[in-house]
Every structure is written in structure tokens, then in C-alpha cells.
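> here is my input; please provide its structure:
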Amino acid sequence: MKKDSFWNQLISSIAGLGVPGLVLLVAMSATGYAGAAALTTALAALGGPLGMLGGIAVLGVLSMISKGLAAFGLDVIFSAVVDELKQRGITSEDILRAVKGYPIPGFIKDQIKGKIESAQSSKAENTVSGRRIFVVDSLDIELGATVELRELHSANIEPILVQAKLGEGVWKGAVASSTGDPETVQIIYKQAGLKEYGSTSRSLRIGEQYRLQQLNGSRFDKVLIEVQVADGFWLGVLVEPGLDEEIVNIIYQSGK
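From the prediction side, this is the model:
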């Protein structure tokens with residue numbers, strides 16, 4: 001898996017500024033590099049007790065953010081920075097509380113609040129429903145890496161930038177080859193070489209057994225649901241008498 005060093009440096013540099021880094025990111029997206037009032041107040045916030053002088057000390061980050069916004073867009077970077085801040089012990093509530101107290105324009109506060117609340121809602125559902133799904137055969141997938149992945153139920157392979165971890169075996173990514181705003185996709189852990197079974201229901205329950213049809217075959221077997229990896233995707237174990245306790249993939253098949 002190829003590591004995107006610029007991406008890692010970009011996210012690390014913004015997150016290294018703490019919550020004011022998000023302010024600077026949004027301010028630059030809204031006002032550009034030209035130093036409008038929103039950018040000035042963002043730099044002042046970064047400076048803390050040192051005021052503008054402290055803010056000017058981080059001017060070296062501005063060029064990197066400018067390039068990052070052009071390459072990835074605000075939403076992609078914002079989400080990754082929030083995830084990195086959380087890794088450093090700063091919660092969404094901490095971010096909102098800090099931003100509320102900063103002397104910055106209201107529209108920037110509203111943008112940050114809206115994006116935080118939108119991200120919380122998305123992660124609560126643990127899915128990016130309705131988006132394309134790509135599969136990875138390893139749990140060792142690095143945030144910020146660009147990985148060649150295969151689309152579920154397709155031979156299509158595309159470079160995907162891994163943006164955020166939504167849960168165990170589930171990530172959010174973006175099509176790295178997209179022009180304009182990168183298309184957001186879901187990445188799921190799918191163990192290579194396992195048999196695949198189809199389900200006509202999205203509501204399979206962990207610990208329950210179901211008689212499911214093997215994909216690309218006519219046989220039905222009883223499968224115990226072990227874990228839900230993503231919306232419409234599970235790992236299970238064959239429990240039919242005479243069969244080994246074999247781990248299998250279970251995939252929701254709409255209309256089948």
C-alpha cells in the first residue's frame with residue numbers, strides 16, 4: 001500500500017495546531033489565501049496570547065493547506081483532521097466548545113458546527129449508504145494511504161484515498177482519480193478466498209442462524225452470523241451438520 005506523504009504531512013500539520021487548525025482550514029476555504037478578515041481572525045486565534053505574531057509563525061502551513069484544498073477539497077481534509085484530533089484526545093464536543101469561544105465570523109462557526117454534526121450523524125449510522133463499496137483483504141490499512149481496490153461485485157479497480165475509519169473493518173474513502181470534488185466511497189474488509197452467501201434482508205442479527213444460498217451456486221446452507229462488517233455485509237460461520245465451521249462472507253443481494 002502506497003503511503004501518500006503529502007496527505008499525512010498535511011493532516012498532521014493542521015491537527016498539530018489543534019482546534020484553531022480547523023478554523024484556519026475553513027477560513028482559507030472560504031476566503032482564499034489573500035488575507036481577508038476571516039483569515040486574519042483565524043490567525044489571531046492560532047496565536048493565542050501572542051496574538052497575530054503567534055499566528056504569523058504558522059504561515060508556512062498556509063501553502064500546504066492551499067495545495068491540499070485544491071487537491072482534495074474541504075470536506076475530505078476536514079473529516080481527516082477531526083479524526084486525527086480525536087486520536088489526540090480532542091472530542092467533537094471539545095471542538096465545538098472551543099470554536100464557540102473564538103472571535104471569528106459567525107459563518108465560519110456555522111460551517112464548522114455543521115460539518116461536525118454531519119460527521120457525527122454519518123458515523124452513528126456506521127455506513128455511507130448509497131455509495132459505491134470497495135473491498136480490502138487486510139485490516140492493516142493506513143489512513144492517508146492511496147490503495148488500488150476492487151469494487152464489490154465488479155472487476156473495476158480504482159485508486160482510493162483512505163480518509164477515515166468508521167468502525168472495525170469499515171473505512172470511508174475517496175476516489176483518488178476523480179476530478180473536482182472526489183467521490184466518497186465505502187471500504188470494507190472482505191476476507192479473500194472465502195465462500196460468499198447472499199441475503200435478501202439487510203436485518204440479519206448477530207448470533208442468529210439463517211439458511212442462505214451460496215452465490216454462484218444452487219446450494220443452501222445454514223449460516224451463523226458472527227459480525228456485521230458494514231451495511232449489507234457480514235461474516236458468518238457454516239453450521240450445517242457434516243460441514244466444517246468455515247468462515248464465509250454474507251452479502252445483501254437487493255431483489256434476489
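> how about the nearest residue to residue 28, chain neighbours excluded?
Excluding the flanking residues, the one nearest residue 28 by Cβ to Cβ, 6 or more residues apart in numbering is residue 65, at 5.4 Å. (Each C-beta comes from the backbone N, C-alpha and C, glycine too.)
> just residue 229 next, same as before
residue 169 (4.7 Å).
> just residue 213 next, same as before
Per Cβ to Cβ, 6+ apart, closest to residue 213 is residue 220, 5.2 Å.
> my read: that neighbour touches residue 210, true?
No. Contact between residue 220 and residue 210 fails when scored by Cβ atoms under 8 Å: they sit 9.8 Å apart.
> the more surrounded of those two?
Each of residue 220 and residue 210 has its neighbours counted (other Cβ atoms under 10 Å); residue 210 has more, 18 against 13.
> that one in helix, strand or coil?
Secondary structure for residue 210, judged by DSSP: H, G, I helix; E, B strand; the rest coil, is strand.
> so what's it bridging to?
Applying DSSP bridges to residue 210 yields these beta-bridge partners: residue 223.
> now do residue 151
Counting by DSSP bridges, residue 151 is bridged to residue 134.
> residues contacting the residue nearest to residue 213?
211-214 (Cβ atoms under 8 Å, 6 or more residues apart in numbering).
> look up phi and psi at it.
phi -110, psi 140 (degrees, to the nearest 10).
> again, but for residue 165
Taking degrees, to the nearest 10 as the convention, residue 165 sits at phi -100, psi 120.
> try residue 142
Dihedral angles (degrees, to the nearest 10) for residue 142: phi -90, psi 130.
> quick check: the gap between it and residue 14.
18 Å (Cβ to Cβ, to the nearest Å).
> what do you get for residue 156?
Relative to residue 14, and taking Cβ to Cβ, residue 156 is found at 32 Å.
> neighbour count: those two, which is higher?
residue 14 (25 against 11).
> next, count neighbours for residue 206.
11.
> ok, now residue 132?
By other Cβ under 10 Å, the residues close to residue 132 number 18.
> can you check the one 5 residues further on too?
Summarising burial for residue 137: neighbours were counted as other Cβ under 10 Å, giving 13.
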